[in-house]
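Asker: Sharing a model prediction with you, sequence too.
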Amino acid sequence: MSDDDTAEREHPYILIVEDDLDLSEMLNAYFRALGYESFTAAWGEDAVALTSEDPPDLILLDVRLPDIDGYEVCRRLRLGHRTKFIPIIFLTERRDRIDKLTGLEYGGIDYITKPFDIHELRLRVRNALRRTHQPGNTNLVTGLADGALVDEMLNGAVRGSKPWGALVVSLTGIERFREQFGFLAADDVLRSAGLILHNAQRETGGSEEAAGQLSAYDFFALTDPDHLTALRQRVEERLTQSIQLFYPFQLADENGDLPVEDRLQVKIGQLLSSEGPFDALSALKTALLNAWKTAK
């Protein structure tokens with residue numbers, strides 16, 4: 001079994017909906033060589049029918065098709081009981097931001113413009129399948145706790161009597177960064193942020209298992225209140241120093257000319273148990289997500 005196979009099925013089934021027959025056959029052969037079951041459709045109506053009869057594990061969906069477009073295919077599938085949760089990755093020549101937003105609004109999980117890097121597509125497919133078939137306890141990109149594991153961690157803080165301090169790290173401008181430099185570059189930013197937080201937690205005396213994600217771009221670490229200042233200083237210093245390095249060298253200086261809202265930035269806040277009480281998980285999550293916004 002290759003690293004692209006999922007734990008649930010030995011041979012995940014991918015449906016490729018593409019009217020360019022050369023590209024369709026190339027993708028079909030490529031994914032079959034990786035160990036997937038792969039089938040093709042050139043028409044939107046055929047894709048809807050095939051998916052309804054035998055739902056695939058993932059769909060690669062061209063936007064421009066001879067009959068109905070890919071957005072309509074996605075819309076119909078999202079209405080079906082058996083098809084509404086199938087991950088759909090749009091493939092298209094349309095590069096405008098509004099087209100990407102439209103694809104995401106219809107329920108696509110990703111949007112790749114042509115021509116694309118086949119290895120990047122492979123990684124996106126692999127990650128999408130892993131997210132679908134594995135429990136959401138660890139984020140695949142950052143390696144930090146996610147989903148139910150985060151809820152368990154924070155519930156322990158709510159119900160426990162031991163004082164705690166929480167560091168909150170939020171990345172802003174990353175959507176714009178992804179549009180400029182691509183999926184893999186944005187993942188490198190997230191992966192580095194997770195690693196920095198994880199290492200700083202260990203180095204300042206906290207538990208490595210007490211760090212996680214509140215959302216895609218919001219991270220936190222729980223520690224003893226006495227260690228919070230050291231943890232914050234270490235994370236802030238390392239992330240602030242490294243953030244500019246993610247930009248291609250020739251564009252690093254130009255980043256300073258971007259509007260603030262478009263720049264890749266690190267926002268850091270903190271929260272103490274003594275600022276509570278936090279009588280429910282939802283109240284604590286809200287306070288954490290707002291921590292950097294109220295930081296002085």
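Answerer: Ah, there it is.

Asker: Point out where the stretch 51-200 of the chain drops to low pLDDT.
Answerer: The stretch 51-200 of the chain contains residues with pLDDT under 70 at 95-97, 99-100, 132-136.

Asker: for it, what spans make up the strands?
Answerer: 58-62, 88-92, 110-113, 165-172 (DSSP state E, counting those that start in this stretch).

Asker: could you dump the ones you listed to TSV with distance to Gly156?
Answerer: All C-beta atoms are positioned from the backbone trio N, CA, C, and that covers glycine. As requested, the strands of the stretch 51-200 of the chain are exported to TSV (distance: least, Cβ to Cβ, whole Å):
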stretch	distance to Gly156
strand 58-62	35
strand 88-92	37
strand 110-113	34
strand 165-172	12
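
Asker: Can you tell me which of these is most buried?
Answerer: The highest mean neighbour count among those, using mean count of other Cβ atoms under 10 Å, belongs to strand 58-62: a mean of 26.

Asker: Break this structure into its domains for me.
Answerer: Following automatic domain parsing, one finds the domains of the chain at 13-133, 148-289.

Asker: Give me the distance between the shortest one and the centre of its chain.
Answerer: Put plainly, it is domain 13-133. 18 Å (Cα atoms, centre = their mean, to the nearest Å).

Asker: and what of the longest one?
Answerer: What separates the centre of domain 148-289 from the centre of its chain is 15 Å, taken as Cα atoms, centre = their mean.

Asker: Between the two ends of that domain, how far is it?
Answerer: One end of domain 148-289 sits 17 Å from the other (Cα to Cα, to the nearest Å).

Asker: between the lengthiest helix in the chain and strand 165-172, what angle do the directions make?
Answerer: The longest helix of the chain (DSSP state H) is helix 183-203. With axes from the mean of the first three to the mean of the last three Cα atoms, to 10 degrees defining the directions, helix 183-203 sits at 160 degrees from strand 165-172.

Asker: next SSE after helix 183-203?
Answerer: Counting by DSSP states H and E, the next helix or strand C-terminal to helix 183-203 is strand 211-215.

Asker: tell me what that following strand is packed against?
Answerer: Other helices and strands packing on strand 211-215, by 3 or more Cβ pairs under 8 Å, 6 or more residues apart in numbering; DSSP states H and E, are helix 148-159, helix 183-203, strand 218-223, helix 281-289.

Asker: May I have that strand as CSV, with CA atoms only?
Answerer: Taking C-alpha atoms only, strand 211-215 is exported to CSV below (Å, rounded to 0.1, in the frame of the first residue of the first chain):
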residue,chain,number,x,y,z
ALA,A,211,-1.1,22.5,22.2
GLY,A,212,-3.7,22.4,19.4
GLN,A,213,-5.7,24.2,16.8
LEU,A,214,-8.9,26.2,17.4
SER,A,215,-9.4,26.8,13.7
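
Asker: Buried residues, it. List them.
Answerer: By neighbour count on 16 or more other Cβ atoms under 10 Å, the buried set for strand 211-215 is Ala211, Gly212, Gln213, Leu214.

Asker: Please tabulate the helices and strands packed on strand 211-215 in CSV, including the columns distance to Leu104.
Answerer: Converted to CSV, the helices and strands packed on strand 211-215 look like this (distance: least, Cβ to Cβ, whole Å):
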stretch, distance to Leu104
helix 148-159, 24
helix 183-203, 13
strand 218-223, 19
helix 281-289, 21
